[in-house]
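Student: Quick check, what structure comes out for this input:
(one chain, ligands or ions: 2)
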Amino acid sequence: MVYFQAAPIKVVITGAAGQIAYSLVYQIASGACFGPDQPVFLHLLDITPMMGVLEGVVMELADCALPLLAGVLPTANPEEAFKDVAAAFLVGAMPRKEGMERKDLLAANVRIFKEQGQALDKVARKDVKVLVVGNPANTNALICSKYAPSIPKENFTAMTRLDQNRAQSQLAAKIGVPVKDVKNVIIWGNHSSTQFPDPSNAVVTIGGAQKPVLAAVNDEEYLKGAFVSTVQKRGAAVIAARKMSSALSAAKAASDHMRDWFLGSGDRWVSMGVVSDGSYGAPADVVFSFPVTTSNGKWKIVEGLTVSDFARQMLDATGKELAEEKEEALAVCKD
Ligand SMILES: NC(=O)c1ccc[n+]([C@@H]2O[C@H](COP(=O)([O-])OP(=O)(O)OC[C@H]3O[C@@H](n4cnc5c(N)ncnc54)[C@H](O)[C@@H]3O)[C@@H](O)[C@H]2O)c1
Ligand SMILES: O=C(O)C[C@H](O)C(=O)O
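Tutor: Numbers count the residues shown, from 1 in each chain. Ligands and ions are numbered 1, 2, ... in the order given. Prediction:
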């Protein structure tokens, strides 16, 4: 019997034999996600043909000799995987290939999230925090929530943190400051090429003083043009270069998202795909990325921001795409 000062929490990762999970298991088991004093018991779900590969991941985790890792359960059974989990990283899904849009994965992937919603509903803790990474992430998260009616819809989120990290990094490089000195860049809408990376409320610390990013960059053409399209298309650029989709950065972003949800975002805004209440004119009842702050395990949309005409057009386009994806996903799930 191994004794820990704090009780371990059960955390599930789906797609655990895949690329993203290969980086994510270490983020979680090393303490980077839930903190240096929180032991974790990892539930690793993949499909039956991947159990051999998953066994290799389990061996490597043991070989890391991580002090916070209380145990590992590899399984192909969703109900076993989701039993009593406090946090769920839903990664397992097909990735896109070069030339595809993420929504081209909808028909193939959305059924996974219907089935996993049903399993979460049955066996997970009712306060489980769910992060959907598998694409199309926003719509998969919506479907997962719909099939888990006993779990509050606020507990289902989709990952746009990778887009936020990309946007922050692009701006820091443009201004010539460390990435930590840029904050409050917003990702609005869908994790797709219609997303709107919005620097209009971002601030940068230069020489100890805070300054609006708009003033520090002072190049409207760049901020409305190359900056937006670079972030929108970054996933495709990584696929073109690697011939596989982003994995290291996706795992880091998943860990950032869940860490901030559990431990709080402090004085920074973070972007999360959450079930929309219609804030900022977004369609209600789609999973839309908003700027949020987090504390005590809850997120709250940042209120009262001004939406320019340019931003309005961008928000409307990404909202329209999400409404269309929702209809398609609901039709697929009926079969
Ligand atoms: N939201 C984001 O920012 C973001 C970033 C990167 C990748 N993604 C998406 O994450 C997903 C995973 O990417 P990856 O590179 O790890 O892919 P991968 O192909 O390397 O791994 C996916 C794993 O999921 C497993 N899987 C398939 N169906 C499953 C099921 N029903 N239950 C459990 N496991 C199942 C597969 O067997 C495989 O091991 C893709 O859909 C990708 O597009 C999202
Ligand atoms: O672009 C992809 O298909 C993978 C992922 O969603 C990403 O943004 O890197």
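Student: My guess is residue 235 contacts residue 242. True?
Tutor: No. Applying C-beta atoms under 8 Å as the test, residue 235 and residue 242 come out as separate, 10.7 Å apart. The C-beta positions use only the backbone N, C-alpha and C, and glycine is treated the same way.
Student: Compare neighbour counts for those two and give me the winner.
Tutor: Neighbour comparison, residue 235 and residue 242: the larger count goes to residue 235, with 23 against 11 (by other C-beta atoms under 10 Å).
Student: what's the closest non-adjacent residue to the more buried one?
Tutor: Using C-beta to C-beta, 6 or more residues apart in numbering and skipping the chain neighbours, the partner closest in space to residue 235 is residue 246 (6.1 Å).
Student: neighbours of that neighbour, just the number please.
Tutor: Neighbour count for residue 246, taken as other C-beta under 10 Å: 21.
Student: I'd say it and residue 236 touch.
Tutor: No. At 10.1 Å, residue 246 and residue 236 do not qualify as touching, with contact defined as C-beta under 8 Å.
Student: quick one on the thing from earlier: assign the residue nearest to residue 235 to helix, strand or coil.
Tutor: At residue 246 the chain is in coil, as set by DSSP: H, G, I helix; E, B strand; the rest coil.
Student: just the one 3 residues further on next, same as before
Tutor: Per three-state DSSP, the local secondary structure of residue 249 is helix.
Student: For it, list the residues it contacts.
Tutor: Neighbouring residues of residue 249 by C-beta atoms under 8 Å, 6 or more residues apart in numbering: 162, 165-166, 238.
Student: What does the pLDDT read for the nearest residue to residue 7 once chain neighbours are set aside?
Tutor: Using C-beta to C-beta, 6+ apart and skipping residues adjacent in sequence, the residue nearest residue 7 is residue 39, 7.6 Å away. Here the pLDDT value assigned to residue 39 is 97.
Student: who does residue 132 bridge with?
Tutor: residue 90, residue 158 (DSSP bridges).
Student: Distance of it relative to residue 29?
Tutor: Separation of residue 132 from residue 29 (C-beta to C-beta, to the nearest Å) stands at 21 Å.
Student: Kindly report the same for residue 148.
Tutor: 26 Å.
Student: Between those two, which has more neighbouring residues?
Tutor: The residue with more neighbours, out of residue 148 and residue 29 and counting by other C-beta under 10 Å, is residue 148; that gives 26 against 22.
Student: if I pick the more buried one, what's in contact with it?
Tutor: Contact analysis of residue 148 by C-beta under 8 Å, 6+ apart lists 117-118, 120-121, 124, 156.
Student: which stretches of the stretch 101-250 of the chain have low pLDDT?
Tutor: Counting by pLDDT under 70, the stretch 101-250 of the chain contains no low-confidence range.
Student: Spell out which residues of the stretch 201-335 of the chain are next to ligand 2.
Tutor: Within the stretch 201-335 of the chain, the positions near ligand 2 by C-beta under 6 Å from any ligand atom are 235-236, 238-239, 245-246, 250.
Student: run the last query once more with 5 Å
Tutor: 235, 245-246 (C-beta under 5 Å from any ligand atom).
Student: Now do the lengthiest strand in the chain: distance to the chain's middle.
Tutor: Using DSSP state E, we find that the single longest strand of the chain is strand 287-295. Centroid separation for strand 287-295 versus its chain: 11 Å, with C-alpha atoms, centre = their mean, to the nearest Å.
Student: name the helices or strands packed onto that strand?
Tutor: helix 137-146, strand 156-158, strand 186-188, strand 270-275, strand 298-301, helix 309-334 (3 or more C-beta pairs under 8 Å, 6 or more residues apart in numbering; DSSP states H and E).
Student: just to revisit the earlier point, filter the residues of the stretch 201-335 of the chain next to ligand 2 down to the ones near ligand 1?
Tutor: Residues of these in contact with ligand 1 (C-beta under 5 Å from any ligand atom): 245-246.
Student: re earlier: out of the contacts of residue 249, which is nearest to ligand 1?
Tutor: residue 162 (3.9 Å; C-beta to the nearest ligand atom).
Student: Grab the nearest non-local neighbour of that closest one.
Tutor: Residue 162 sits nearest to residue 253 (C-beta to C-beta, 6+ apart), 3.8 Å away.
Student: In the helix or strand containing the one you found, which residues are buried?
Tutor: In this structure, residue 253 is located in helix 248-263 according to DSSP states H and E. Residues of helix 248-263 classed as buried: 249-262 (neighbour count, 16 or more other C-beta atoms under 10 Å).
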